[in-house]
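Colleague: Attaching a predicted model along with its sequence, questions to come.
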Amino acid sequence: MIQATTGRARWWGVYAAALAWGVAESTLFFVVPDVLITRVALRSRGHALGCCAMAVAGALFGGALVYGWSLRDPVGLHAALLHVPAVDANLIDNARIAMERLGGWALAGGAFGGVPYKLFAAQAAQAGLSLPMLLVLTVPARGLRFVLLALLTHAAAEWLRPRLGERIVVGVWWLAWIVIYALYWS
(Lines give C-alpha, C1' and ligand atoms only; values in the text may rest on other atoms or scores of the structure.)
Protein backbone atom coordinates (compact mmCIF):
# COMPACT_ATOMS: atom_id res chain seq x y z
CA MET A 1 0.00 0.00 0.00
CA ILE A 2 2.78 2.46 0.87
CA GLN A 3 4.61 1.66 -2.37
CA ALA A 4 1.44 2.22 -4.48
CA THR A 5 0.83 5.57 -2.80
CA THR A 6 4.44 6.60 -3.38
CA GLY A 7 4.13 5.65 -7.06
CA ARG A 8 0.94 7.70 -7.45
CA ALA A 9 2.55 10.66 -5.71
CA ARG A 10 5.53 10.42 -8.03
CA TRP A 11 3.28 10.53 -11.09
CA TRP A 12 1.41 13.52 -9.74
CA GLY A 13 4.79 15.20 -9.37
CA VAL A 14 5.59 14.40 -13.01
CA TYR A 15 2.19 15.75 -14.08
CA ALA A 16 2.84 18.93 -12.08
CA ALA A 17 6.21 19.25 -13.82
CA ALA A 18 4.50 18.88 -17.23
CA LEU A 19 2.00 21.58 -16.27
CA ALA A 20 4.73 23.94 -15.08
CA TRP A 21 6.85 23.19 -18.15
CA GLY A 22 3.86 23.96 -20.39
CA VAL A 23 3.43 27.35 -18.71
CA ALA A 24 7.15 28.11 -18.78
CA GLU A 25 7.72 27.19 -22.42
CA SER A 26 4.65 29.06 -23.63
CA THR A 27 6.02 32.21 -22.01
CA LEU A 28 9.80 32.66 -21.92
CA PHE A 29 11.41 29.24 -21.34
CA PHE A 30 13.19 27.82 -24.37
CA VAL A 31 12.98 24.01 -24.09
CA VAL A 32 9.76 22.32 -25.21
CA PRO A 33 7.69 20.09 -22.88
CA ASP A 34 8.13 17.38 -25.49
CA VAL A 35 11.42 16.54 -23.75
CA LEU A 36 9.61 15.49 -20.55
CA ILE A 37 6.71 13.92 -22.44
CA THR A 38 8.97 11.72 -24.54
CA ARG A 39 11.03 10.70 -21.50
CA VAL A 40 7.87 9.52 -19.77
CA ALA A 41 6.73 7.84 -23.01
CA LEU A 42 9.81 5.61 -22.95
CA ARG A 43 8.13 3.67 -20.12
CA SER A 44 4.44 4.54 -20.06
CA ARG A 45 2.11 5.55 -22.86
CA GLY A 46 -0.69 6.35 -20.42
CA HIS A 47 1.38 8.59 -18.20
CA ALA A 48 2.91 10.29 -21.24
CA LEU A 49 -0.60 11.12 -22.48
CA GLY A 50 -1.39 12.49 -19.03
CA CYS A 51 1.70 14.69 -19.34
CA CYS A 52 0.45 15.81 -22.77
CA ALA A 53 -2.81 16.97 -21.22
CA MET A 54 -1.00 18.80 -18.44
CA ALA A 55 1.45 20.47 -20.85
CA VAL A 56 -1.48 21.67 -22.99
CA ALA A 57 -3.18 23.03 -19.85
CA GLY A 58 0.03 24.85 -19.00
CA ALA A 59 0.24 26.24 -22.55
CA LEU A 60 -3.30 27.56 -22.21
CA PHE A 61 -2.34 29.47 -19.08
CA GLY A 62 0.96 30.69 -20.51
CA GLY A 63 -0.65 31.63 -23.82
CA ALA A 64 -3.24 33.71 -21.96
CA LEU A 65 -0.45 35.44 -20.02
CA VAL A 66 1.45 36.28 -23.21
CA TYR A 67 -1.74 37.43 -24.93
CA GLY A 68 -2.48 39.79 -22.02
CA TRP A 69 1.12 41.01 -21.98
CA SER A 70 0.87 41.79 -25.71
CA LEU A 71 -2.12 44.02 -25.01
CA ARG A 72 -0.52 45.87 -22.07
CA ASP A 73 3.08 46.20 -23.23
CA PRO A 74 3.77 44.94 -26.77
CA VAL A 75 7.16 46.68 -26.91
CA GLY A 76 8.28 45.12 -23.62
CA LEU A 77 7.05 41.70 -24.73
CA HIS A 78 8.92 42.00 -28.02
CA ALA A 79 12.11 42.92 -26.15
CA ALA A 80 11.67 39.99 -23.75
CA LEU A 81 11.10 37.54 -26.60
CA LEU A 82 14.32 38.66 -28.27
CA HIS A 83 16.18 37.34 -25.19
CA VAL A 84 14.80 33.81 -25.65
CA PRO A 85 17.48 31.55 -27.19
CA ALA A 86 16.97 30.92 -30.93
CA VAL A 87 14.36 33.70 -31.19
CA ASP A 88 15.26 36.68 -33.31
CA ALA A 89 13.40 39.57 -34.96
CA ASN A 90 13.06 37.58 -38.19
CA LEU A 91 11.34 34.66 -36.43
CA ILE A 92 9.00 37.06 -34.62
CA ASP A 93 8.17 38.75 -37.95
CA ASN A 94 7.51 35.37 -39.56
CA ALA A 95 5.05 34.52 -36.78
CA ARG A 96 3.36 37.91 -37.22
CA ILE A 97 3.05 37.44 -40.98
CA ALA A 98 1.71 33.90 -40.55
CA MET A 99 -0.87 35.13 -38.04
CA GLU A 100 -1.93 37.96 -40.38
CA ARG A 101 -2.27 35.57 -43.34
CA LEU A 102 -3.63 32.46 -41.66
CA GLY A 103 -5.09 33.68 -38.39
CA GLY A 104 -5.24 31.00 -35.75
CA TRP A 105 -4.41 28.29 -38.27
CA ALA A 106 -0.82 29.52 -38.10
CA LEU A 107 -0.58 27.83 -34.70
CA ALA A 108 -0.77 24.40 -36.29
CA GLY A 109 2.01 25.14 -38.77
CA GLY A 110 4.18 26.58 -36.03
CA ALA A 111 3.73 23.51 -33.86
CA PHE A 112 5.41 21.37 -36.51
CA GLY A 113 7.62 24.04 -38.06
CA GLY A 114 9.85 24.96 -35.15
CA VAL A 115 8.26 28.35 -34.45
CA PRO A 116 7.65 28.75 -30.72
CA TYR A 117 4.01 28.93 -29.64
CA LYS A 118 4.77 32.01 -27.53
CA LEU A 119 5.44 34.00 -30.72
CA PHE A 120 1.96 33.25 -32.04
CA ALA A 121 0.36 34.03 -28.69
CA ALA A 122 2.25 37.34 -28.73
CA GLN A 123 0.88 38.21 -32.19
CA ALA A 124 -2.67 36.89 -31.76
CA ALA A 125 -4.39 40.06 -30.53
CA GLN A 126 -2.76 42.25 -33.17
CA ALA A 127 -3.86 39.74 -35.82
CA GLY A 128 -7.47 40.04 -34.62
CA LEU A 129 -7.64 36.70 -32.83
CA SER A 130 -9.61 36.83 -29.60
CA LEU A 131 -8.24 35.25 -26.44
CA PRO A 132 -11.00 32.57 -26.36
CA MET A 133 -10.22 31.62 -29.98
CA LEU A 134 -6.48 31.49 -29.25
CA LEU A 135 -7.17 29.13 -26.36
CA VAL A 136 -9.52 26.93 -28.39
CA LEU A 137 -6.96 26.61 -31.20
CA THR A 138 -4.11 26.03 -28.75
CA VAL A 139 -5.53 22.66 -27.70
CA PRO A 140 -5.21 20.89 -31.06
CA ALA A 141 -2.14 22.88 -32.16
CA ARG A 142 -0.12 21.94 -29.07
CA GLY A 143 -1.86 18.71 -28.21
CA LEU A 144 -1.49 17.04 -31.57
CA ARG A 145 2.29 17.36 -31.60
CA PHE A 146 2.59 16.29 -27.97
CA VAL A 147 0.40 13.22 -28.48
CA LEU A 148 2.06 12.19 -31.74
CA LEU A 149 5.53 12.42 -30.19
CA ALA A 150 4.39 10.52 -27.10
CA LEU A 151 2.87 7.70 -29.15
CA LEU A 152 5.79 7.48 -31.58
CA THR A 153 8.34 7.53 -28.76
CA HIS A 154 6.49 4.87 -26.81
CA ALA A 155 6.19 2.62 -29.87
CA ALA A 156 9.86 3.07 -30.73
CA ALA A 157 10.91 2.33 -27.13
CA GLU A 158 8.75 -0.79 -27.00
CA TRP A 159 10.37 -2.03 -30.20
CA LEU A 160 13.94 -1.05 -29.27
CA ARG A 161 14.00 -2.10 -25.59
CA PRO A 162 14.07 -5.89 -26.17
CA ARG A 163 16.74 -5.45 -28.84
CA LEU A 164 19.02 -2.89 -27.18
CA GLY A 165 18.11 -2.74 -23.49
CA GLU A 166 16.79 0.07 -21.30
CA ARG A 167 20.07 1.96 -20.92
CA ILE A 168 20.64 2.21 -24.67
CA VAL A 169 17.04 3.31 -25.26
CA VAL A 170 17.45 6.11 -22.72
CA GLY A 171 20.81 6.98 -24.26
CA VAL A 172 19.21 7.24 -27.70
CA TRP A 173 16.54 9.52 -26.20
CA TRP A 174 19.26 11.78 -24.70
CA LEU A 175 21.22 11.83 -27.94
CA ALA A 176 18.12 12.63 -30.00
CA TRP A 177 17.27 15.70 -27.88
CA ILE A 178 20.88 16.89 -27.80
CA VAL A 179 21.06 16.69 -31.60
CA ILE A 180 17.64 18.33 -32.05
CA TYR A 181 18.57 21.30 -29.88
CA ALA A 182 22.09 21.57 -31.27
CA LEU A 183 20.61 21.89 -34.74
CA TYR A 184 17.76 24.17 -33.66
CA TRP A 185 19.99 26.58 -31.74
CA SER A 186 22.70 26.70 -34.41
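Modeller: Received it, and whenever you're ready, just let me know what you need.
Colleague: Now the nearest residue to Gly109 once chain neighbours are set aside. Its backbone dihedrals?
Modeller: The shortest distance from Gly109 to any non-neighbouring residue, by Cβ to Cβ, 6 or more residues apart in numbering, is to Ala98 (6.6 Å). Any C-beta I mention is one placed from the backbone N, CA and C, and that applies to glycine too. Per-residue torsions, Ala98: phi -60, psi -40 (degrees, to the nearest 10).
Colleague: if I pick Ala98, what's in contact with it?
Modeller: 106, 109-110, 115, 120 (Cβ atoms under 8 Å, 6 or more residues apart in numbering).
Colleague: now, the most widely separated pair of those?
Modeller: Farthest pair in the contacts of Ala98 (Cβ to Cβ) is Gly109 and Phe120. Separation: 9.4 Å.
Colleague: Give the residue from those two that has the larger number of neighbours.
Modeller: Phe120 (31 against 13; other Cβ atoms under 10 Å).
Colleague: what helix or strand is the more buried one on?
Modeller: Assigned by DSSP states H and E, Phe120 belongs to helix 117-124.
Colleague: And that helix, what's buried?
Modeller: Using 16 or more other Cβ atoms under 10 Å as the test for burial, helix 117-124 gives 117-124.
Colleague: mean confidence score for it?
Modeller: Summarised as a single mean, pLDDT over helix 117-124 is 97.
Colleague: Contacts for that helix, please.
Modeller: 25-28, 59, 62-63, 66-67, 69-70, 74, 77-78, 81, 84, 87, 91-92, 95-96, 98-99, 104, 106-107, 110-111, 131, 134, 138, 141-142.
Colleague: chain center to the longest helix seen in the chain, what's the gap?
Modeller: When the chain is parsed with DSSP state H, its longest helix is helix 131-164. Mean C-alpha position of helix 131-164 versus that of the full chain (Cα atoms, centre = their mean, to the nearest Å) differs by 10 Å.
Colleague: Run the angle between it and helix 117-124 for me.
Modeller: Here helix 131-164 runs at an angle of 170 degrees relative to helix 117-124 (axes from the mean of the first three to the mean of the last three Cα atoms, to 10 degrees).
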